[in-house]
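**Q** Need the 3D shape of this:
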Amino acid sequence: MGGEIDVVAGYALNKFTAIEAGYGHFFAGKYIDQTWQNAGGSQDADWIYLQTVIRF
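**A** Below you'll find the model as predicted:
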């Protein structure tokens, strides 16, 4: 299908709250490119996220 690389970082604000941020990049492989061939081929994809965890 393809390959993926991720970078994740987290930080505990206190004993109840933490935050986490991440970045991911998907490298589309030959299978994905062939599957989407009629639609112009495939492209790599990037995404980021920010998450808050609250424990109670």
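**Q** Chain neighbours aside, what residue packs nearest to the residue nearest to the spatial centre of the chain?
**A** Note on the chain: the residue nearest the mean C-alpha position is G24, at 3.4 Å, using C-alpha atoms, centre = their mean. Nearest residue to G24, sequence neighbours excluded (C-beta to C-beta, 6 or more residues apart in numbering): D6, at 4.6 Å. Quick note: C-beta positions are derived from backbone N, CA and C, even for glycine.
**Q** ok now do the residue nearest to the centre of the chain, which residues does it touch?
**A** Residues counted as contacts of G24 (C-beta atoms under 8 Å, 6 or more residues apart in numbering) are 4-7, 46-48.
**Q** For the worst-scoring helix or strand of the chain on mean pLDDT, list every residue counted as buried.
**A** The helix or strand of the chain with the poorest confidence is helix 30-35; it has a mean of 78 (mean pLDDT, DSSP states H and E). Within helix 30-35, the residues that count as buried by 16 or more other C-beta atoms under 10 Å are I32.
**Q** So which other helices or strands are in contact with the helix or strand that it is followed by?
**A** Sequence order places strand 45-54 as the next helix or strand after helix 30-35, per DSSP states H and E. The contact analysis (3 or more C-beta pairs under 8 Å, 6 or more residues apart in numbering; DSSP states H and E) places strand 45-54 against strand 17-28.
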